[in-house]
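S.K.: Let me see the structure of the following:
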Amino acid sequence: MDCLFCKIAAGEIPSKKVYEDEQVYAFYDIEPQAPVHVLLIPKTHIASAAEITAENSAVVAHIFEVAAQIAKELGLDDGFRIVSNCGESAGQTVKHLHFHLMGGRTFAWPAG
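M.R.: Numbering: from 1, shown residues only. I've put the predicted structure just below:
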């Protein structure tokens, strides 16, 4: 498989790690959109949120537990945003399920 995020999780491509366990890898985004911008990915390849099933959804719950922990550790007490783009028209550029954890600034809706 030629998946960028699978290679990052496997340590084949360097990243600035924030968190890692047997299911999840979290690292700083190389093109941050906020003062804090962390990507959280399952180590198991899931192409997008459209492929979440009863069989693989436990890792998504775990990712959100990890996101809350990271947000607390990084001092995002005023709030944070979690985003997952699903499909090209939604802006997904890497075909591996990932969640953007962003904070440290005020956000607008729907853009910004």
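S.K.: by contact count, what packs against the lengthiest helix in the chain?
M.R.: Secondary structure of the chain per DSSP state H: the longest helix is helix 57-73. Helices and strands touching helix 57-73, by 3 or more C-beta pairs under 8 Å, 6 or more residues apart in numbering; DSSP states H and E, are strand 17-20, strand 24-28, strand 36-42, strand 80-83, strand 99-103. For every residue, glycine as well, the C-beta is placed using N, CA and C.
S.K.: Restricting to C-alpha, output stretch 95-104 in PDB.
M.R.: Taking Å, rounded to 0.1, in the frame of the first residue of the first chain, the C-alpha atoms of stretch 95-104 are listed here in PDB:
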ATOM      1  CA  LYS A  95      -7.000   8.800   1.600                       C
ATOM      2  CA  HIS A  96      -6.500   7.700   5.200                       C
ATOM      3  CA  LEU A  97      -9.000   8.600   7.900                       C
ATOM      4  CA  HIS A  98      -7.600  11.400  10.000                       C
ATOM      5  CA  PHE A  99      -8.900  14.100  12.300                       C
ATOM      6  CA  HIS A 100      -7.500  17.600  12.600                       C
ATOM      7  CA  LEU A 101      -7.400  18.800  16.200                       C
ATOM      8  CA  MET A 102      -7.000  22.600  16.000                       C
ATOM      9  CA  GLY A 103      -6.900  25.300  18.700                       C
ATOM     10  CA  GLY A 104      -5.200  28.300  20.000                       C
END
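S.K.: List the contacts of it.
M.R.: Stretch 95-104 is contacted from outside by 3-6, 26, 29, 32-42, 45-49, 51-52, 60, 63-64, 67, 70-71, 74, 76, 78-84, using C-beta atoms under 8 Å, 6 or more residues apart in numbering.
S.K.: And for stretch 77-88?
M.R.: Residues outside stretch 77-88 that contact it (C-beta under 8 Å, 6+ apart): 34, 36, 48-50, 64, 67, 71, 91-93, 97-103, 107.
S.K.: Can you measure across that stretch, start residue to end residue?
M.R.: 32 Å (C-alpha to C-alpha, to the nearest Å).
S.K.: Quick one: mean pLDDT for that stretch?
M.R.: The pLDDT scores in stretch 77-88 average 95.
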